[in-house]
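>>> missing the sequence, but the structure's below:
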């Protein structure tokens, strides 16, 4: 029998990192690395959200519902190609005890090779896809957008290697610069009347800049140490993970295709603006913890007690941001969305309120995946994704004849019905219990609910007095934040302690 392929790395400096996982602990060193990485990832996410939101608002005002809807449908196939090309393999770099040129060279060239094949397939099948969803204007944007996949595949391994070293600072800078240049180009294109092509240009330039900066951040040059036995070993891990990621993508994006085929591209645009608004709010709070989580959990995969502590600490801190952000957005969405994006998106405001109801399962979904990946349990991750996708398709199909509101409500209902599977799989794979999860989110959920009730009451008292405009928003947001902070700190000793430690560290560094 052939030896199992090694996973060790020599990216030029002949350094080898070996982790003694049997003695791994969520100790001060790992806590420090996690904390610093979360800090830089929060900075990255905050800047991403500011730039992304600003660009999104400008483009929503400049482009038609049809333009945004067509791009949303093309994006489904572009993102699916990215997942297929990377094949879950960059996550293998994060969790491998050690990595070498055979592993990384094989991953790099596998990514690029699959990307080239996928781009060719998209160019051949784009006319058929456009015909199937009854959107003839989809064909050309879909074909050109596919090149973004090739650019992404050429930088994915470099980014994974940098992240393995907790290099979230350089990744944050990369994200900011690529997003700024890509978004700026999109706005200029939209002002020039290029319509949906503005969004295609944005994605291509963002991926190009990101690829160049990934190579700069981790100056490793792919070699020729490609190995077919390593490919087979990689696919054993990455195959299930790639399938799970594809299914998670289609959890939301399959709705775009169904809505487009049944209700038209303009309806996709309305639905996408509502979802994207909630997503920007939620992801700004969730992604910093979810992205750093994989590196942290991977180092604790052989220490269940330490893994549970890390999971609870990160979920507790994350939910303290994500739950009030999403619930607060939900309360004010019918007023904020048309105020920010323009009156033509008023219907999206009501949909955004519905999406905010899934604040809890939305947050938990981002924590299950990195834990299961770190534990190497991609089979359950795939199974969970299949359960979620199957129920999403069924619920959406039933709801479509009743319109967009019913489709959004069906998606939220699905998220709660499938949440018990997620909690069960976490317990089996890592011994993280339902009680651990509840303990982490209980106080933020209670405080967020109280905050939402107060803001909703004040908002409805304000509305009879006149139009809800920026003065109301600028009053209600600080009011909500103050109510939330007051309730949270009065019921949660853990958050009081965390705040004291934060103030102490900031004072010590002042």
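Yes, it's here. These numbers come from a predicted model, not from an experiment.

>>> Helix or strand next in line after the strand or helix carrying residue 230, which one?
For residue 230, the element it lies in under DSSP states H and E is helix 228-263. Following helix 228-263 in sequence order, the next helix or strand is helix 265-298 (DSSP H and E).

>>> Past that following helix, which element shows up next along the chain?
Counting by DSSP H and E, the next helix or strand C-terminal to helix 265-298 is helix 304-341.

>>> now that following helix, how far from the centre of its chain.
For helix 304-341, the separation from the chain centroid amounts to 13 Å (computed by C-alpha atoms, centre = their mean, to the nearest Å).

>>> so for whichever helix or strand comes after that helix, what's the average pLDDT?
Using DSSP H and E, the helix or strand that follows helix 304-341 in sequence is helix 346-355. Per-residue pLDDT values over helix 346-355 give a mean of 93.

>>> could you give the angle of helix 346-355 to helix 265-298?
With axes from the mean of the first three to the mean of the last three C-alpha atoms, to 10 degrees applied, the angle from helix 346-355 to helix 265-298 works out at 30 degrees.

>>> on that earlier part again, state the mean pLDDT of the helix holding residue 230.
The average pLDDT for helix 228-263 rounds to 78.

>>> swap in stretch 359-374?
85.

>>> So that it lines up with my notes, have the first residue be 721 from now on.
Happy to do that; since the first residue is 721 now, the last one works out to stretch 1079-1094.

>>> So what's the gap between it and the chain middle?
10 Å.

>>> Please apply the same query to stretch 851-866.
Centre-to-centre, stretch 851-866 and its host chain are 25 Å apart (C-alpha atoms, centre = their mean).

>>> Now do the helix holding residue 950 and helix 985-1018, the angle between them.
150 degrees.

>>> Helix 948-983 - contacts with which helices or strands?
Under the contact definition 3 or more C-beta pairs under 8 Å, 6 or more residues apart in numbering; DSSP states H and E, helix 948-983 sits against helix 785-806, helix 809-815, helix 821-852, helix 985-1018, helix 1079-1094, helix 1098-1119, helix 1124-1150. C-beta: built from backbone N, CA, C; applies to glycine.

>>> Who are the packing partners of the first one?
Using 3+ C-beta pairs under 8 Å, 6+ apart as the contact criterion, the elements in contact with helix 785-806 are helix 821-852, helix 859-865, helix 867-884, helix 917-937, helix 948-983, helix 985-1018.

>>> the inter-axis angle of the helix holding residue 950 versus helix 1124-1150?
If you take the same axes, to 10 degrees, helix 948-983 sits at 160 degrees to helix 1124-1150.

>>> Going by neighbour count, list what's buried in helix 948-983.
950-951, 953-954, 957-971, 973-981, 983 (16 or more other C-beta atoms under 10 Å).

>>> Likewise for stretch 1141-1161?
1141, 1142, 1143, 1145, 1146, 1149, 1150, 1152, 1156, 1157, 1160, 1161.

>>> could those residues be laid out in a markdown table, adding pLDDT?
Compiled in a markdown table, the buried residues of stretch 1141-1161 are given as follows (pLDDT from 0 to 100):
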| residue | pLDDT |
| --- | --- |
| 1141 | 91 |
| 1142 | 88 |
| 1143 | 89 |
| 1145 | 89 |
| 1146 | 86 |
| 1149 | 83 |
| 1150 | 84 |
| 1152 | 88 |
| 1156 | 90 |
| 1157 | 92 |
| 1160 | 90 |
| 1161 | 93 |
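
>>> Residue 1066: which of these is nearest?
residue 1161 (32.3 Å; C-beta to C-beta).

>>> Which residues are in contact with that closest one?
Residues in contact with residue 1161 (C-beta atoms under 8 Å, 6 or more residues apart in numbering) are 1035, 1036, 1039, 1043, 1080, 1083, 1084.

>>> one step back: quick one: the helix holding residue 950 to helix 821-852, angle?
20 degrees.

>>> Measure how far helix 948-983 is from the centre of its chain, please.
Using C-alpha atoms, centre = their mean, the offset of helix 948-983 from its chain centre is 14 Å.

>>> Any stretches of this protein with poor pLDDT?
In the predicted model of the chain, residues 721-771, 807-811, 814-817, 883-894, 956-961, 1011-1015, 1184-1187, 1226, 1228-1230 satisfy pLDDT under 70.

>>> Minimum distance to residue 1177: which of the helices and strands packed on helix 948-983 has it?
helix 1079-1094 (19.2 Å).

>>> Give the other helices and strands that that closest one contacts.
Applying 3+ C-beta pairs under 8 Å, 6+ apart, one finds that helix 1079-1094 contacts helix 809-815, helix 948-983, helix 985-1018, helix 1024-1061, helix 1098-1119, helix 1124-1150, helix 1154-1182.

>>> quick check: angle from it to helix 1154-1182?
150 degrees.
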